[in-house]
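Visitor: below is the sequence, then the predicted model.
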Amino acid sequence: MIQMYHVDLRYTGGTYGLRDISLTLERGEFVFLTGSSGAGKTSLLRLLFGAEAPTAGQILVSGRNITRLRSAQVPALRRQIGVIFQDFKLLPERTVFDNVAIALEIAGTAKREIRTRVWSLLKRLGLGHRIDHRPRTLSGGEQQRVAIARALVNDPPLLLADEPTGNLDPGLALDIMDIIADAHARGTTVIVATHDPTLLERYRHRRIVLDGGRLVADRAPETYGVGVVARGAAASRA
Amino acid sequence: MIDVRSARRLAVSVRSGLRGARERPMVFGLSVATMAAGLLVLGSYLLIAANLRGVLERVGADLRLVAFTESGAASDAAGVEALAARLRALAGVRELAWIAPDEAMARLRRDLGDDAEVLDGMARNPLPGSFELVVAPERREPAELRALAAQVRALPGIGEVRFGESWVEGYARVVRVVEWLGVGLGAFLVLVLGAIVAATVRLSLHARADEIQIQRLVGANGLFVRLPFYLEGALQGGLAALAALGLLRALYALGLPLLGDALGWLVGAQPLVFFGPGEALALFALGVGLGVGGALMSLVSLEDRA
């Protein structure tokens, strides 16, 4: 699903956001991207949805090299990717329905289909009774569920979540992770950036550890008991 | 050919553009009012210029180049016709009229009125016959007139030629000033109004920054993001132009009697006119164009990727 080869992200002024990242994610995989603040988790996700272009290396998503995408080609990539953020990024003046429907409207979906899909997804996420509400009248957990609905309503093959539970109480955080896990169970490839140890403990998936922009460990769930997989092992997965 | 999905996206984008006016009525209304004021100034000037141009054209149509014959050169009908044929052949002469010496004397008497008796003592009519030439509009520039006068003067049998050179120079200067003022004022107002729309669209852009970010996040292309702003600008410009035209029409209707009295000495019997459909449509198109242009100016720096 995703291949990254010796990817660098270097900012103006010479500092590196990411340095020499090589990894492979299979279709249908669930991966935690972890590391302390400033480790490069968000930068890596931004590269994957085309918000930034790498300064070196190659990135393939679904077999397509997105490294040198022109601006006009980025929207088509993004319609294949659902993205969730810590701060939800909802439109406060629009209803829950409108906030979710925007992804389908931009994809050019018919109105009737938009109504059906948004309604059934919000119902599945327990927001059926909130469809006409504004985001500010919802709890943090509900707001994040709306954001997840927006990310999933297009049935994207890839879901990226940047600290999706960072603003939520532990109980709500697990609810949100259950929804993401459900999307994964339905076949979506999922990358969750988090530094929440509770989540990492509860959901035993592959973990990619970043530090100072470098990939320092790539741990398969079956290795948790025996320690960190070395960089070379990570590369051999590619 | 536009596909179904693109057509649906376009419809969403259009709705989004119209929503801008509903969601920020104060900013939108203020922008329309400011633009309308600017277009009203421009429209007023254009209206005055159009009427003034009409007056100048009428005055220009009265312009005559008078060629006096030498004594004996046009003493009979054949001589008059021969000279007339040579004058008609000159480029720039649209029509001509022969003023015989007797007619010239009759005119002089008419002009002198009660003082005409001073002519009674004359043994014979001393006035020469003359040709009054109506000059084609494209040959009414001072230089052209001087050249034509020289050609007429060179004809055998023609003596003096007069066309009111200083008056013609003044007339040409007025026409040029009116035209240049129009260009200058128009350019200035176009820039000011463009900047007003650009500022409004920038405010709109700022107010909708979150929405744009989310639209891009879920795969909106550049046109989808920008089109609502172009539409908002066009709507502002169009509404402002309609308001300006309506106000101008009302001012014209209310102020016409006063203006007619004040300008009667200048325009004479010629009635003042309002814009025709073509000119009104051009002002409307200018408003819409300014709106879209202003939006273009403020969207230049909008990044498509982030």
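Guide: Great, that's in hand.

Visitor: confirm that residue B:235 lies within a helix, as I assumed.
Guide: Yes - counting by DSSP: H, G, I helix; E, B strand; the rest coil, residue B:235 is found in a helix.

Visitor: quick check: residue B:45 vs chain A, distance?
Guide: Using C-beta to the nearest C-beta, to the nearest Å, one gets 42 Å for the distance from residue B:45 to chain A. C-betas here are computed from N, CA, C, even on glycine.

Visitor: and the nearest residue to that residue once chain neighbours are set aside, how many neighbours?
Guide: Of all residues not flanking residue B:45 in the chain, residue B:185 sits nearest, at 5.5 Å (C-beta to C-beta, 6 or more residues apart in numbering or on different chains). By other C-beta atoms under 10 Å in any protein chain shown, the residues close to residue B:185 number 15.

Visitor: kindly report the same for residue B:5.
Guide: 13.

Visitor: repeat that for the one 3 residues further on.
Guide: Here the count is done by other C-beta under 10 Å, and residue B:8 has 19 residues near it.

Visitor: extract the C-alpha trace of the one helix or strand it maps to and format it as PDB.
Guide: Per DSSP states H and E, residue B:8 falls inside helix B:4-23. Below are the C-alpha coordinates for helix B:4-23, written out as PDB (Å, rounded to 0.1, in the frame of the first residue of the first chain):
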ATOM      1  CA  VAL B   4     -21.600  14.600 -14.100                       C
ATOM      2  CA  ARG B   5     -19.300  14.600 -11.100                       C
ATOM      3  CA  SER B   6     -17.700  17.800 -12.200                       C
ATOM      4  CA  ALA B   7     -21.100  19.400 -12.800                       C
ATOM      5  CA  ARG B   8     -22.100  18.400  -9.300                       C
ATOM      6  CA  ARG B   9     -18.900  19.900  -7.900                       C
ATOM      7  CA  LEU B  10     -19.600  23.100  -9.800                       C
ATOM      8  CA  ALA B  11     -23.100  23.300  -8.300                       C
ATOM      9  CA  VAL B  12     -21.700  22.900  -4.800                       C
ATOM     10  CA  SER B  13     -19.000  25.600  -5.500                       C
ATOM     11  CA  VAL B  14     -21.700  28.000  -6.800                       C
ATOM     12  CA  ARG B  15     -23.800  27.400  -3.700                       C
ATOM     13  CA  SER B  16     -20.700  28.000  -1.600                       C
ATOM     14  CA  GLY B  17     -20.100  31.300  -3.400                       C
ATOM     15  CA  LEU B  18     -23.700  32.500  -2.800                       C
ATOM     16  CA  ARG B  19     -23.400  31.500   0.900                       C
ATOM     17  CA  GLY B  20     -20.500  34.000   1.300                       C
ATOM     18  CA  ALA B  21     -23.000  36.900   0.900                       C
ATOM     19  CA  ARG B  22     -25.500  35.300   3.400                       C
ATOM     20  CA  GLU B  23     -22.900  34.500   6.000                       C
END
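
Visitor: next structured bit after it?
Guide: helix B:25-61.

Visitor: counting contacts, what elements does that next one pack onto?
Guide: helix B:165-207, helix B:222-267, helix B:277-299 (3 or more C-beta pairs under 8 Å, 6 or more residues apart in numbering or on different chains; DSSP states H and E).

Visitor: per-residue pLDDT, residue B:270?
Guide: pLDDT, residue B:270: 62.

Visitor: quick check: buried residues in the helix holding residue B:8?
Guide: By neighbour count with 16 or more other C-beta atoms under 10 Å in any protein chain shown, helix B:4-23 contains the buried residues B:8-9, B:12-13, B:16-17, B:19-21.
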